[in-house]
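Engineer: The following comprises the amino acid sequence and a computationally predicted model.
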Number of protein chains: 2
Amino acid sequence: MESLMIWLPGILAIIGLIFMWAKRTWVLKQDAGDGKMKDISSHIYEGALAFLNAEYKLLTIFVVVASLVLAGISFIVPTTHILIVVAFIFGAFFSALAGNMGMRIATQSNVRTTQAARTSLPQALKVSFGGGTVMGLGVAGLAVLGLSTFFIIFFHVFMGGEWTDVHQMTVVLETLAGFSLGAESIALFARVGGGIYTKAADVGADLVGKVEAGIPEDDPRNPATIADNVGDNVGDVAGMGADLFGSYVATVLAAMVLGNYVIKDMGGDIIAEGFGGIGPVLLPMAIAGFGIIFSIFGTLLVKISSNNDKEAQVQAALNKGNWVSIVLVAISSFFLVTWMLPETMQMEFFGEGLQQISSMRVFYATLVGLVVGGVISAVTEYYTGLGKKPVLSIVQNSSTGAGTNIIAGLSTGMISTFASVLLFAIAIWASYAFAGFYGVALSASAMMATTAMQLAIDAFGPIADNAGGIAEMSELPSEVRERTDILDSVGNTTAATGKGFAIASAALTSLALFAAYVTFTGIDGINIFKAPVLSMLFVGGMIPVVFSALAMQSVGKAAMDMVNEVRRQFREIPGIMEGTGKPEYDKCVEISTKAALREMLLPGLMTIGFPILIVLVPMVLGYENPLIAEMLGGYMAGVTVSGVLWAIFQNNAGGAWDNAKKSFEAGVMINGEMTYKGSDAHKAAVTGDTVGDPFKDTSGPSMNILIKLTCLIGLVIAPILGQDMEMATTPDDIEEVTVLEASEEESATAEFTNSESEALETAAKIAKATETSEVVTESSEAELSEEIAKKE
Amino acid sequence: MESLMIWLPGILAIIGLIFMWAKRTWVLKQDAGDGKMKDISSHIYEGALAFLNAEYKLLTIFVVVASLVLAGISFIVPTTHILIVVAFIFGAFFSALAGNMGMRIATQSNVRTTQAARTSLPQALKVSFGGGTVMGLGVAGLAVLGLSTFFIIFFHVFMGGEWTDVHQMTVVLETLAGFSLGAESIALFARVGGGIYTKAADVGADLVGKVEAGIPEDDPRNPATIADNVGDNVGDVAGMGADLFGSYVATVLAAMVLGNYVIKDMGGDIIAEGFGGIGPVLLPMAIAGFGIIFSIFGTLLVKISSNNDKEAQVQAALNKGNWVSIVLVAISSFFLVTWMLPETMQMEFFGEGLQQISSMRVFYATLVGLVVGGVISAVTEYYTGLGKKPVLSIVQNSSTGAGTNIIAGLSTGMISTFASVLLFAIAIWASYAFAGFYGVALSASAMMATTAMQLAIDAFGPIADNAGGIAEMSELPSEVRERTDILDSVGNTTAATGKGFAIASAALTSLALFAAYVTFTGIDGINIFKAPVLSMLFVGGMIPVVFSALAMQSVGKAAMDMVNEVRRQFREIPGIMEGTGKPEYDKCVEISTKAALREMLLPGLMTIGFPILIVLVPMVLGYENPLIAEMLGGYMAGVTVSGVLWAIFQNNAGGAWDNAKKSFEAGVMINGEMTYKGSDAHKAAVTGDTVGDPFKDTSGPSMNILIKLTCLIGLVIAPILGQDMEMATTPDDIEEVTVLEASEEESATAEFTNSESEALETAAKIAKATETSEVVTESSEAELSEEIAKKE
């Protein structure tokens, strides 16, 4: 049974996908309303597909080029197998497929939600959350299915389906990294392109429609209104979905890589522990697989019963489902960890040597991830929530003008990094203290295990938002809009907390990838006291800042294209303002699509190009591989630290500005006076929101992709840099085991011979300083180790 | 003669101070104008002194507390001598003295500049630049005099005025670090407090005066106008002066520390090379000393001849003086480096071992610093300059409202990090490649050598600005204001480039301190692959962001205090608007002073408290010193990388917004239409400037202090963390030399026994992993090293 565990994650994923299909069938069976509603909904549906199709064309070119590059690498680097290209293509395909399914269901659920809202709020929630559930399960199911299938294939191709040695497993996982790289590449297009799309459409629609023509939001006379609604799906559904798909796959992969290194630290063979000797490698997939099932449980709990329920009840229903799935994951993690891992493991702690780690400590590490995932959402909620102190302070500062509103919003976003970063720091520290970098990766895996549930909560928001838009455009009775507004309002909160979850997951994923990178390259660590490494830390730190600026500028340019098109239609189409002329919605969709894909090229190139440059330039300068590996590692750390900071800063500032503006809808008390929409203070708040929009929907969320993709590219490059290092050149693994046994003997002796060992170290350092780049065979190392042991 | 070199820097500093005094006498002899001018000027002078006096009270308390803490440390840590307290107090005193002299001369030159402007522009430049020169020479002279005097004293106290060993010199320099810490602490008060003061007064004066009461800037009826003019001096003169004083001292100190390590790498004794065996330690001071003299040459070249000259000619005169002094420093560095350093040195490159470095390569490193100093100013000038593309783009974006103006400004600041950071990265990389971290520190020293000249250029701006204010308030003929406006306009440009210089110097200083820190603690480097170190990198990265937010919020709060006071005076003082009632200027000065000093406490505490916490918490948790040292190092790196980014971002965004607003004064072409002050686009630009003000004058420049002070505190803490390490516990340095000789023998052998040395390293690693925290004596190490050497 134990050795069958390799099939279980895939089976659980298939169960998830079957449930998804059933849910999808149910949603599509719901009434899609009548004439005008159907008409508008089909415009949105087609617009979304138009974006996807345009994106696919670009994607295909990208995938072909990247595949060729990868194929080239696989010819040059002996340890990189050509199968990485296959994995890459499927990773891209699965991510695109998940996005496609999500977009389709979201743009079909919206009108059904509107129709359901005509009867009752509970039914509207059921339909919209049903759509979200389909999206969530589709993403999670395909991710786990794809990853586990390719793992099984590569496990059979490279190892014959049986444990051979750590080195072969490394090849399996290096090849599997292609799947993750493919998934994350799609996320770049979906998240960055989608982010530009959604804000270009939004700003374009608002600037000409609301401001110039004076017509309300979602008015069908506005040619950009369909593009705007498409944008909600493109950004918040497809973008978020691809982002989490990528995080999910990358986290599990990184945990598997580090699991393999646990086996290495334990002597390279733990067949005796069952699970075909690959328990630590299988565990992350098992946690993910069960996470899908528990997410299904969670989604089943999300319902309300009364038509008179308000935001609080809807939010409570979502929270119940979420927390139940988190607790179930925690419980299942306990059983999985204690069952699948050896009771005590050896793990190498850099600078501290091998330590004995009990499986319970690995479980504690998973708890760290689950807690951080929850708390980070709460922190985000505090800094961006309606009625909370930070948002109220921005509201107060709006009374003295746009300048003070902006300063207040910026400083709110900046201050919010304090709690979030401290939380990350503690999470890294604690999960590492419990179980090394394997612990860090598993804490991320546990956090990501409820991805299906998180995404269901996330995707339901834009569906409800769209449903409201359709109600408005179809001129339905106001109670319909009121019901969808309740859902939309909850959706805004979940959008903010979802972004907190996404950046937390991206940060932990990057750390896990970073750890996997170091082990892949075989370097001793990343020493920022080496000037080239330090300078790359600086360069890495700068990238997220420049990337954000480019993304913001892109929104501006794309929005200008949209403004010009809307102006043209208002001018040229007769009777458009009277509602007799039909606006050319598709033209606006096309403009936004083209602009988004055009504008994402430069930031995309930067993301992919810099890591490659950082490897190529020093190679040309004749630097040695280990130093280059450290430099790239420094770059990755710089991107991650700075990227996390700028993501939190931009997301929270944007969210706070948004809700500060929204506060005026119900009226706010400023200097003892109730102030409403249309006041000068409200206008200042609108200015703040204009700045916040690209922050929270374009540049902020794209940081996730930037940091993950950077670390993934590093991971794929790693074997090149590790070429002349230990791991890749081990001639025979049996000898490796000998070394380890010898070392253990040694370490027992060494305890009592402190000063001698110091001396050895000094000698070794001097020797290392003059070492040539010749390949060192481990056998001679082992012999000498023993000699020294005898001497003492 | 060679051994007398130790006295030379001090003598050169005294020559600089004598020249300064002569210049000061000349400036004070100039006509200070008549009745009303004198009256206003004395208000500003007294306001400035009032701020200084209030600051001194707070400073005294701070210095006493900090001295007690330092004294405590010196009792606990055997290698930290009680004399560090004396050095600290004098460092604080010298910095405060330099600031005091600068403020006095600046607030006395302003009215004399106004009076000179009544006769001619060349004369007005001569007086205002004369005032700047006094400031610059005062700062540079006192810095070099103080540093070299204390070096001589400690050299005699600890080493009897003769070279003994590396260890004793380390004690000398550790104690000297107190001087630097004292100086930088004052900078914290001057820069952060001053930054808050100047913007609170500025915003307060504008909000009530210009906006509410509708009276022009610098109108004597506005009670806050004197505070506003005092603020220019407090922020731009005293703040910038203390900032550069701190950078100057810290850079030279760090270079001296690394010079000592060059001696260590060369075997611990280079008496044969002359200069009493301390050439590499003396060199940085010598470069600084000659820099003062060449700065004097430079200042003598700054003059114009025609009364019809405009901005371009004034700027050209400043540039000529600046570049001549830079070129002279380069030439003198060549001679000093080749004369004072051994022709070939050995330097330890982490991970690469000892390398032979010729003195010419050290000279190349100094050139790197001089070039970077110049280029970074040019980059700053591009991103913030009138008529340049970035500013023009912000102007264009003002036409669609404040929102787009803000986005354009933010993204300009963000994009500007690209070139600046790449430049830093290249500078670090290149100067390190030339001559290790000693090269990095000397590149910073060379750049800082022209501090006197830089500061003269910098301080002349606010003097001219004040002169214009006095002309306005005294209702002098318009040609006077026109002349001072020319100087003021050039001053705005030099203020922006000066900020570029200040952050570049702070960044290089921090790197040099960082390198000195690593050598002081005796750790092998800072490995960010250790999770606790990585988490501190995250925390460090967050600090500048939160610090900036706190500084911005402080400006808001302090400005509100000012607004309320001005409103009260307008309400309560009869005839104030008619010019018959006299406003209570001193009340406003007091408000601004109190608010500034109150608001700087939290960011100040954070700056000082975090490094201490990062040491104390892990100590309580039982972590070992080397790991804590790495954690603190990770924190320092995080603060530096993130601080540099946020400084550049905020300074350049603020500068660009400012000039975008100024562009409207002469009129700008937007969408084919000339647009002027008062237009909607101009209003949007004013909003941008409101956001930019605290960016460029408060939070941005205070990053310099944050990163330097963080690294300095680290340096002072370093001996505590290095306690159980090699350097601090050497019982006898003769043995150390033995070790080194043995090692050299070894290394020659090791070249041909690669695999063996690898094995030794492996064994050493395992041994280290189980090592206890017992103190290791070097003698046993030496014995064993020899044993191993024999064995081979």
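Structural biologist: Arrived safely, thanks for sending. Numbers count the residues shown, from 1 in each chain, chains lettered A, B, ... in the order given.

Engineer: helix or strand right after the longest helix anywhere in chain A?
Structural biologist: Ranked by number of residues, the top helix in chain A under DSSP state H is helix A:402-448. Using DSSP states H and E, the helix or strand that follows helix A:402-448 towards the C-terminus is helix A:451-473.

Engineer: ok and the residue in the stretch 251-400 of chain A nearest chain B?
Structural biologist: A:Gly353 (1.8 Å; C-beta to the nearest C-beta). All C-beta atoms are positioned from the backbone trio N, CA, C, and that covers glycine.

Engineer: Any idea what that residue is bridged to?
Structural biologist: Bridge pairing for A:Gly353 (DSSP bridges) gives the partners A:Phe349.

Engineer: which other helices and strands contact whichever strand or helix holds A:Gly182?
Structural biologist: Assigned by DSSP H and E, A:Gly182 belongs to helix A:166-187. Judged by 3 or more C-beta pairs under 8 Å, 6 or more residues apart in numbering or on different chains; DSSP states H and E, helix A:166-187 is in contact with helix A:35-76, helix A:83-119, helix A:121-159, helix A:240-265, helix A:700-721, helix A:726-729, helix A:733-750.

Engineer: How is chain A divided into domains?
Structural biologist: Domains of chain A are assigned by automatic domain parsing as A:193-304+A:312-715, A:736-766+A:777-791.

Engineer: what's the most buried one of these?
Structural biologist: domain A:193-304+A:312-715 (a mean of 24; mean count of other C-beta atoms under 10 Å in any protein chain shown).

Engineer: May I have the distance across that domain, first residue to last?
Structural biologist: End-to-end distance for domain A:193-304+A:312-715, by C-alpha to C-alpha, to the nearest Å: 24 Å.

Engineer: chain center to it: distance?
Structural biologist: 6 Å (C-alpha atoms, centre = their mean, to the nearest Å).

Engineer: same question, stretch A:170-178
Structural biologist: The answer for stretch A:170-178 is 20 Å, by C-alpha atoms, centre = their mean.

Engineer: Let me see the mean pLDDT of that stretch.
Structural biologist: Stretch A:170-178 carries an average pLDDT of 91.

Engineer: buried sites along that stretch?
Structural biologist: A:Thr170, A:Val171, A:Val172, A:Leu173, A:Glu174, A:Thr175, A:Leu176, A:Ala177, A:Gly178 (16 or more other C-beta atoms under 10 Å in any protein chain shown).

Engineer: Return the closest of the residues you listed with respect to chain B.
Structural biologist: Using C-beta to the nearest C-beta, the buried residues of stretch A:170-178 come closest to chain B at A:Thr170, 17.9 Å.

Engineer: A:Gly436 reaches A:Gln356, doesn't it?
Structural biologist: No. Taking C-beta atoms under 8 Å as the definition, A:Gly436 is not a contact partner of A:Gln356, at 11.6 Å.

Engineer: Just tell me which of the helices and strands packed on helix A:166-187 ends up closest to chain B.
Structural biologist: Closest among the helices and strands packed on helix A:166-187, using C-beta to the nearest C-beta: helix A:733-750, at 3.7 Å.

Engineer: on that earlier part again, quick one: closest of the domains of chain A to B:Phe538.
Structural biologist: Of all the domains of chain A, the one in closest proximity to B:Phe538, counting by C-beta to C-beta, is domain A:193-304+A:312-715 (4.9 Å).

Engineer: I would like the residues contacting stretch A:152-171, please.
Structural biologist: A:6-7, A:10, A:79, A:81, A:83, A:87, A:172, A:175-176, A:257, A:260-261, A:263-264, A:268-269, A:271, A:276-278, A:281, A:520, A:727-728, A:730, A:733, A:736 (C-beta atoms under 8 Å, 6 or more residues apart in numbering or on different chains).

Engineer: On the C-terminal side of the helix or strand encompassing A:Leu632, identify the next helix or strand.
Structural biologist: A:Leu632 is part of helix A:625-666 when elements are defined by DSSP H and E. Once the chain leaves helix A:625-666, the next helix or strand it forms, by DSSP H and E, is strand A:668-670.

Engineer: So which elements touch that following strand?
Structural biologist: helix A:389-397, strand A:673-675.

Engineer: what pairs with that strand, and is each one parallel or antiparallel?
Structural biologist: Sheet pairing for strand A:668-670, using DSSP bridges, gives strand A:673-675 (antiparallel).

Engineer: host element of A:Asn308?
Structural biologist: Per DSSP H and E, there is no helix or strand for A:Asn308.

Engineer: Can you get me a residue count around it?
Structural biologist: 9 (other C-beta atoms under 10 Å in any protein chain shown).

Engineer: Same question for the one 3 residues further on.
Structural biologist: For A:Glu311, the neighbour count with other C-beta under 10 Å is 16.

Engineer: Looks like it contacts A:Asn492 (just checking).
Structural biologist: No. Taking contacts as C-beta under 8 Å, A:Glu311 lies outside contact range of A:Asn492: 9.8 Å.

Engineer: At the contact with chain B, which residues of the stretch 451-600 of chain A appear?
Structural biologist: A:511, A:514-515, A:518, A:524-532, A:534-539, A:541-542, A:545-546, A:548-550, A:552-553, A:556 (C-beta under 8 Å from any C-beta of the partner chain).

Engineer: hey, where'd the helices end up in the stretch 201-350 of chain A?
Structural biologist: Taking DSSP state H, counting those that start in this stretch as the test, the helices found in the stretch 201-350 of chain A are A:225-232, A:240-265, A:279-301, A:311-340.

Engineer: closest one to A:Ser642 among these?
Structural biologist: Nearest of the helices of the stretch 201-350 of chain A (C-beta to C-beta): helix A:240-265, 18.5 Å.

Engineer: Does that closest one reach chain B?
Structural biologist: No. Helix A:240-265 stays clear of chain B (C-beta under 8 Å from any C-beta), getting no nearer than 11.9 Å.

Engineer: Report the inter-axis angle for that helix versus helix A:83-119.
Structural biologist: 140 degrees (axes from the mean of the first three to the mean of the last three C-alpha atoms, to 10 degrees).

Engineer: I'd like the mean pLDDT over helix A:240-265, please.
Structural biologist: 91.

Engineer: what does stretch A:83-99 give?
Structural biologist: 93.

Engineer: tell me the pLDDT at whatever residue of the stretch 51-200 of chain A ends up closest to chain B?
Structural biologist: Nearest residue of the stretch 51-200 of chain A to chain B (C-beta to the nearest C-beta) works out as A:Lys199 at 10.7 Å. For A:Lys199, the pLDDT comes out at 88.

Engineer: Show the contacting residues for it.
Structural biologist: A:Gly231, A:Gly235, A:Val555, A:Ala558, A:Ala559, A:Asp693, A:Pro694, A:Asp697, A:Thr698.

Engineer: Take those and write them to TSV, including secondary structure, pLDDT and distance to A:Ala685.
Structural biologist: Shown next, in TSV, are the contacts of A:Lys199 (DSSP: H, G, I helix; E, B strand; the rest coil; pLDDT from 0 to 100; distance: C-beta to C-beta, whole Å):
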residue	secondary structure	pLDDT	distance to A:Ala685
A:Gly231	helix	86	22
A:Gly235	helix	80	22
A:Val555	helix	88	20
A:Ala558	helix	87	24
A:Ala559	helix	85	20
A:Asp693	helix	90	13
A:Pro694	helix	91	17
A:Asp697	helix	89	17
A:Thr698	helix	91	20
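
Engineer: Between all of those, which two are separated the most?
Structural biologist: A:Gly235 and A:Ala559 (13.9 Å).

Engineer: Correct me if wrong: A:Pro719 contacts A:Tyr517.
Structural biologist: No. A:Pro719 is beyond contact range of A:Tyr517, at 10.5 Å (criterion: C-beta under 8 Å).
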